[in-house]
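**Student:** fold the following.
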Amino acid sequence: MKNDFQPVVGLDFQFRTNPIPSLDFDGIFYCRVLEIVPFKKLSYSWKSGPGGGEITLDSVVVWKLQPTDKGTDLFLEHSGFAKKENLSFYNGLADGWVKNIQKMMNHLNAE
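**Tutor:** Residues are numbered from 1 along each chain as shown. Take a look at the predicted model:
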């Protein structure tokens, strides 16, 4: 997704994609870098809504890397889907995360 991310704790940034009216989603994920541990962890807030400043999803994404004997394990946690109305968004994002992680694995394995 198009974005203006920079690895700076406290930085506000956005991911942009196509709006999805059926999910009350304006196409913008409003994020803030929460934590960076170089080569180990990245976490950021992940908020979205129908537009006009209204936020209906307030979640957090955490990426962790852990060295192993065979390389590196990647862990992804996306939490904060506490509201019933976030279930459809959760299902869509879960599918999207799986597909994108698979793309990353294919890219890394091709080299």
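
**Student:** now the strands for this protein?
**Tutor:** 2-3, 12-16, 28-37, 41-48, 57-68, 71-79 (DSSP state E).

**Student:** counting neighbours, which bits of the fifth one end up buried?
**Tutor:** Put plainly, it is strand 57-68. For strand 57-68, a neighbour-count test (16 or more other Cβ atoms under 10 Å) marks L57, D58, S59, V60, V61 as buried. C-beta: built from backbone N, CA, C; applies to glycine.

**Student:** still on that earlier bit, now the strands of the chain as CSV including mean pLDDT and distance to N100?
**Tutor:** Shown next, in CSV, are those (pLDDT from 0 to 100; distance: least, Cβ to Cβ, whole Å):
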stretch, mean pLDDT, distance to N100
strand 2-3, 94, 13
strand 12-16, 97, 12
strand 28-37, 98, 14
strand 41-48, 97, 14
strand 57-68, 96, 12
strand 71-79, 94, 9
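
**Student:** would you turn those into JSON lines with distance to E85?
**Tutor:** Shown next, in JSON lines, are those (distance: least, Cβ to Cβ, whole Å):
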{"stretch": "strand 2-3", "distance to E85": "25"}
{"stretch": "strand 12-16", "distance to E85": "21"}
{"stretch": "strand 28-37", "distance to E85": "17"}
{"stretch": "strand 41-48", "distance to E85": "12"}
{"stretch": "strand 57-68", "distance to E85": "9"}
{"stretch": "strand 71-79", "distance to E85": "16"}
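
**Student:** and among these, the most buried is which?
**Tutor:** Highest mean neighbour count of these: strand 41-48, a mean of 19 (counted as mean count of other Cβ atoms under 10 Å).

**Student:** number of nearby residues for F25?
**Tutor:** Neighbourhood size, F25 [other Cβ atoms under 10 Å]: 21.
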